[in-house]
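In: this is a predicted model, with the sequence first.
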Amino acid sequence: MSKFQAPKGVSEYFPERSKYFEFVRETIIDSAKLSGYQLMELPVFEDTELFTRGVGESTDVVSKEMYTFEDRGGRSITLRPEGTAGVMRSVIEHNLDRGQLPVKVWYSGQFFRAERPQAGRYRQFYQVGIEAIGLQDPEIDAEVISVADAAFKRLGISDYHLEITSLGDSLTRERYTKELRAFIATLKLDETTAERAKLNPLRLFDDKRPEIQEAMATAPILMDYLTPESAAHFSRVKECLELFGISYQVNNRMVRGLDYYTGTAFEFVHHKLGAQSGIGGGGRYDGLMAQLGGADLSGIGFGLGVDRILMACEAEEISLPADMTLSLFIVPMDEASKRQAVLCARELRLHGISVDVAYGDRNLKSGMKAADKSGARFALVLGEDEIASGRAQLKNMQTGDSFSVTIRTLHDDLLKVL
Ligand code: HAM
C-alpha cells in the first residue's frame with residue numbers, strides 16, 4: 001500500500017478511465033454551448049454566509065455537510081457545496097444583473113459535501129451546471145431541461161427518466177405552507193424534527209424514516225395549491241417538453257435538497273445506478289438573486305453529476321467515440337528513424353493530428369505492442385528502408401489492413417481516413 005492515499009470519499013480519474021470522464025464532461029459542456037451558454041469560472045470557496053443564506057439553513061447540505069473553516073484572516077470560508085449561489089454572487093458583484101438579459105452561463109468543477117461516502121456519493125464530486133437568469137418564459141424552463149436531455153442523448157444514455165414538479169410562486173407557497181404547518185401541528189414529532197419543520201415544513205417529505213413517511217402520506221400536496229399563474233406556467237413547460245418529445249413523469253412529492261427552489265423543479269433518474277440514481281437536477285429560483293442583494297430577477301438552471309453520468313455510461317456500455325482516441329502511433333526501428341519519427345510526429349501534430357511515438361529502444365515486437373496498448377487507430381513503422389524510399393506502411397489497428405503512404409505527405413493520407 002502506498003504511503004499516501006486520497007482522502008476518503010473523493011472521486012478521482014486517471015488513465016484510461018479519465019478519458020471517459022473527459023468525454024462525458026465535454027459532451028455536457030458542448031450541449032450547453034450549443035444553446036448559447038457562456039463559461040463562468042468560479043472560486044471553489046466562498047464566504048460561508050453565501051451558502052447559509054442562499055442554500056438555506058434547513059437543508060442537510062448547509063446544516064450537516066459543509067466543509068467550513070476559518071481562514072488565516074479569521075473569516076469563515078466554505079468549500080462550495082453547489083454552484084448556483086456562487087453564480088448569483090458573481091452576477092451581482094459584477095453587475096451582470098443590470099446589463100443585457102438573460103445571463104446564460106455554464107460552469108464545471110468540483111463540489112464538496114461531507115456526506116457518508118458510498119458508490120456514486122462522494123465528498124468531492126464533479127458537476128457541470130448551467131443557469132439562465134432574468135427570464136420568466138416557460139420556454140426557458142424547457143430549454144434548460146432540454147440541454148440536459150440532449151447531453152444524455154448525445155452521450156447515448158437511454159435508461160433514465162425525467163421527473164418534474166412545480167413548487168409554485170410565493171403566494172402558492174404562502175397558502176400551502178399555512179395548510180402544511182397546520183397538518184404538521186397535528187403530528188407527534190421529536191424536537192429536532194419539529195425544529196426542522198419550522199424552518200421548512202417541506203423537508204418532512206424528504207425524511208427517510210418510515211414513521212415520518214407514513215405520517216406525511218396524507219399531508220396536503222403543494223400541486224393542489226398552485227395559483228392560476230403558476231399552474232399556467234407549469235402547463236406551458238409540459239407542453240413545450242411534449243413538443244420536444246421529452247417524456248416526463250410529474251412527481252408532486254419531489255423535494256429538492258436546496259431551499260431556493262420556486263416554480264418548475266426537476267430531476268433526472270437513471271435506472272442502473274442503485275441508491276444514488278439522481279444524475280442531475282435543477283429548477284427555478286425566482287427569489288434567490290434578490291435575497292442575496294441583487295436585482296429581483298428570476299432564474300433557472302441545473303447541476304448534472306458527472307461522476308454518476310459516467311457510471312451510467314459504463315452501466316449502459318457506451319463506447320468512446322473514435323476522435324477521443326489517439327490517431328497514430330509511430331514505431332521507429334533505430335536511432336536514425338527515431339529522429340525521423342519525432343519530426344514526423346511534430347509535423348502531424350501541427351496539422352491537428354494526435355500522434356505518439358514508441359520512445360525507448362524497442363524492437364518491432366515490443367514497439368507494436370506499445371502501439372496496440374496506446375489504443376491508436378493507426379500505426380506506422382519507420383526503419384532504414386522506409387527512410388531511404390520515403391514510403392511506409394500505414395496499418396489500421398482495428399482491421400489489420402495496411403497500405404502504402406508517402407511519409408512527407410502523411411497528413412493528407414491520414415486526414416482522409418480519420
Ligand atoms: P443537486 O440536486 O444538489 O443540485 O445536485 C445536482 C447533481 O449533482 C445531483 O443530481 C447528483 O447527480 C450530483 N451530486 C450531488 N451530490 C453528490 C455527491 N455527494 N456525489 C456525487 N454526485 C452528487 C444542485 O447542486 C443545484 N445547484 C442544481 C441547480 C442549478 N439548480 C438550479 N441551478
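Out: Sure, I can see it. None of the values given here were measured: they were computed from a predicted structure.

In: flag every residue of the stretch 251-400 of the chain that's near the ligand.
Out: 257-258, 278-283, 301-303, 305, 307-308 (C-beta under 6 Å from any ligand atom). The C-beta positions use only the backbone N, C-alpha and C, and glycine is treated the same way.

In: tell me which residue in the stretch 101-250 of the chain sits closest to the ligand.
Out: Nearest residue of the stretch 101-250 of the chain to the ligand (C-beta to the nearest ligand atom) works out as Phe125 at 3.4 Å.

In: secondary structure class for the nearest residue to that residue once chain neighbours are set aside?
Out: In space, and not counting its chain neighbours, Phe125 is closest to Asp307: 5.2 Å by C-beta to C-beta, 6 or more residues apart in numbering. What DSSP: H, G, I helix; E, B strand; the rest coil gives for Asp307 is helix.

In: now do the strands in the stretch 1-150 of the chain.
Out: Counting by DSSP state E, counting those that start in this stretch, the stretch 1-150 of the chain has strands at residues 38-39, 45-47, 67-70, 76-79, 103-112, 124-133.

In: let me have those in CSV, extended by mean neighbour count, distance to His94 and mean pLDDT.
Out: Shown next, in CSV, are the strands of the stretch 1-150 of the chain (neighbours: other C-beta atoms under 10 Å; distance: least, C-beta to C-beta, whole Å; pLDDT from 0 to 100):
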stretch, mean neighbour count, distance to His94, mean pLDDT
strand 38-39, 12, 13, 98
strand 45-47, 16, 15, 98
strand 67-70, 13, 25, 98
strand 76-79, 17, 21, 98
strand 103-112, 21, 10, 98
strand 124-133, 24, 12, 98
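
In: so can I have CSV of those showing distance to Ile212?
Out: Formatted as CSV, the strands of the stretch 1-150 of the chain follow (distance: least, C-beta to C-beta, whole Å):
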stretch, distance to Ile212
strand 38-39, 42
strand 45-47, 33
strand 67-70, 28
strand 76-79, 29
strand 103-112, 28
strand 124-133, 27
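
In: nearest to Ser158, of those?
Out: strand 124-133 (19.7 Å; C-beta to C-beta).

In: how far away is Ser235 from Gly282?
Out: For Ser235, the distance to Gly282 (C-beta to C-beta, to the nearest Å) stands at 19 Å.

In: of the two, which one has the most company?
Out: Applying other C-beta atoms under 10 Å to Ser235 and Gly282 shows that Gly282 carries more neighbours, namely 26 against 13.

In: hmm, back to that, show me which pair in the residues of the stretch 251-400 of the chain next to the ligand is furthest apart.
Out: Comparing all pairs in those by C-beta to C-beta, the longest separation belongs to Gly283 and Asp307, at 21.1 Å.

In: so between these two, which is more surrounded?
Out: Counting neighbours by other C-beta under 10 Å for Gly283 and for Asp307 shows that Gly283 has the greater number, 28 against 20.

In: could you say which helix or strand holds Ala371?
Out: For Ala371, the element it lies in under DSSP states H and E is helix 364-374.

In: could you give the angle of the next helix or strand after that helix to helix 364-374?
Out: Downstream of helix 364-374, the first helix or strand assigned by DSSP H and E is strand 378-382. Counting by axes from the mean of the first three to the mean of the last three C-alpha atoms, to 10 degrees, strand 378-382 lies at 160 degrees to helix 364-374.

In: mind giving me the packing neighbours of strand 378-382?
Out: Applying 3 or more C-beta pairs under 8 Å, 6 or more residues apart in numbering; DSSP states H and E, one finds that strand 378-382 makes contact with strand 328-332, helix 335-350, helix 364-374, strand 391-396, helix 410-417.

In: taking this structure, what residue is nearest to the ligand?
Out: Nearest residue of the chain to the ligand (C-beta to the nearest ligand atom) works out as Gly305 at 2.1 Å.

In: so that residue sits right up against Tyr122, yeah?
Out: No. Gly305 is beyond contact range of Tyr122, at 9.2 Å (criterion: C-beta atoms under 8 Å).

In: who has more neighbours out of these two?
Out: Higher neighbour count among Gly305 and Tyr122: Gly305, with 26 against 23, using other C-beta under 10 Å.

In: so who does the more buried one touch?
Out: Residues in contact with Gly305, defined by C-beta atoms under 8 Å, 6 or more residues apart in numbering, are Phe125, Tyr126, Gln127, Gly278, Ile279, Gly280.

In: what mean pLDDT does stretch 333-343 have?
Out: The average pLDDT within stretch 333-343 is 94.
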